[in-house]
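Asks: Generate a structure from the sequence data that follows.
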Amino acid sequence: MKDKIMLLDELHALRLKLLEAAETRGSLTDPEVLAISEAADQLIITLQYIQKKELLS
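Replies: The predicted structure follows:
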């Protein structure tokens with residue numbers, strides 16, 4: 001599993017990419033914007049899983 005810091009960095013990069021794509025495309029429902037958003041969502045879920053495991057350890 002990826003390191004938590006690496007995942008947070010990746011999430012930050014996706015957030016910036018998402019903002020740029022939404023501004024460029026002018027729509028939050030553009031397929032590219034949605035794909036980036038879904039990738040960010042998956043990272044968030046992974047980070048939540050890691051955090052939960054840390055709390056239970």
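Asks: can you pull out the helices in the chain?
Replies: 4-25, 31-56 (DSSP state H).
Asks: any idea how far residue 39 lies from residue 52?
Replies: 21 Å (CB to CB, to the nearest Å). In short, each C-beta sits where N, CA and C put it, glycine included.
Asks: swap that for residue 36, sorry
Replies: 25 Å.
Asks: So those two - more neighbours on which side?
Replies: residue 36 (20 against 10; other CB atoms under 10 Å).
Asks: That one contacts residue 20, correct?
Replies: No: applying CB atoms under 8 Å as the test, residue 36 and residue 20 come out as separate, 9.2 Å apart.
Asks: which residue packs closest to the residue nearest to the spatial centre of the chain, ignoring adjacent ones?
Replies: The centre of the chain sits closest to residue 40, judged by CA atoms, centre = their mean, with a distance of 2.0 Å. Spatial nearest neighbour of residue 40, chain neighbours left out: residue 14 (4.5 Å); criterion: CB to CB, 6 or more residues apart in numbering.
Asks: Give me the neighbour count for the one you found.
Replies: Residues within reach of residue 14, counting by other CB under 10 Å, total 19.
Asks: got the contact list for it?
Replies: Contacts for residue 14 (CB atoms under 8 Å, 6 or more residues apart in numbering) come out as 36, 39, 40, 43.
Asks: The last one and residue 11: what is the separation?
Replies: With distances taken as CB to CB, residue 43 is found 5 Å from residue 11.
Asks: what do you get for the first one?
Replies: Residue 36 sits 11 Å away from residue 11, going by CB to CB.
Asks: Next: the third one.
Replies: For residue 40, the distance to residue 11 (CB to CB) stands at 6 Å.
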